[in-house]
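Colleague: prediction below, plus the sequence it came from.
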Amino acid sequence: MTKQDVLRRITQQTGIDPQLSLSIVESFFEVVKEAVSDGETIYIRSFGSFGPKQRARKLGRNISANTALVIEAHIIPRFKPSAEFVHQVRLLKTSGSQQE
């Protein structure tokens with residue numbers, strides 16, 4: 001599913017103007033990116049949370065050159081789904097009805 005498909009569904013379900021749907025979705029993405037970039041976590045009840053995650057310094061391998069290299073500590077964005085969201089997805093898997 002693409003962003004365009006999401007926008008179509010939002011427009012169908014809410015009946016709002018497609019341009020307004022696009023504006024709302026784009027604004028949501030920007031708010032999430034800005035907040036996580038500033039070190040904040042966004043909690044959305046029954047959906048999940050977006051936030052920064054600290055990765056420790058570690059030793060990696062360059063397989064083609066067969067050498068070790070140090071991967072410095074860094075921060076990555078992460079999404080953690082809520083228990084309700086995880087449960088809903090698991091029900092789809094066990095019932096055998098998956099949609100694309």
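Modeller: The structure has been received and is ready for your questions.
Colleague: now the helices for this structure?
Modeller: 3-14, 18-37, 83-95 (DSSP state H).
Colleague: packing partners for the first one?
Modeller: Packing partners of helix 3-14 (3 or more C-beta pairs under 8 Å, 6 or more residues apart in numbering; DSSP states H and E): helix 18-37. C-beta: built from backbone N, CA, C; applies to glycine.
Colleague: for Ile75, which of the helices of the chain is the nearest?
Modeller: The minimum distance between Ile75 and these falls on helix 18-37, with 9.2 Å, by C-beta to C-beta.
Colleague: and that closest one, C-alpha only, in CSV?
Modeller: C-alpha atoms of helix 18-37 as CSV (Å, rounded to 0.1, in the frame of the first residue of the first chain):
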residue,chain,number,x,y,z
PRO,A,18,-8.5,14.8,-1.0
GLN,A,19,-6.2,17.9,-0.7
LEU,A,20,-7.1,18.3,3.0
SER,A,21,-6.4,14.6,3.5
LEU,A,22,-3.0,15.1,1.9
SER,A,23,-2.2,18.1,4.0
ILE,A,24,-3.2,16.3,7.2
VAL,A,25,-1.1,13.2,6.5
GLU,A,26,1.9,15.3,5.4
SER,A,27,1.6,17.4,8.6
PHE,A,28,1.5,14.3,10.7
PHE,A,29,4.6,12.9,9.1
GLU,A,30,6.4,16.2,9.6
VAL,A,31,5.4,16.4,13.3
VAL,A,32,6.6,12.9,13.9
LYS,A,33,10.0,13.5,12.2
GLU,A,34,10.6,16.8,14.0
ALA,A,35,9.6,15.4,17.4
VAL,A,36,11.8,12.2,17.1
SER,A,37,14.7,14.3,15.7
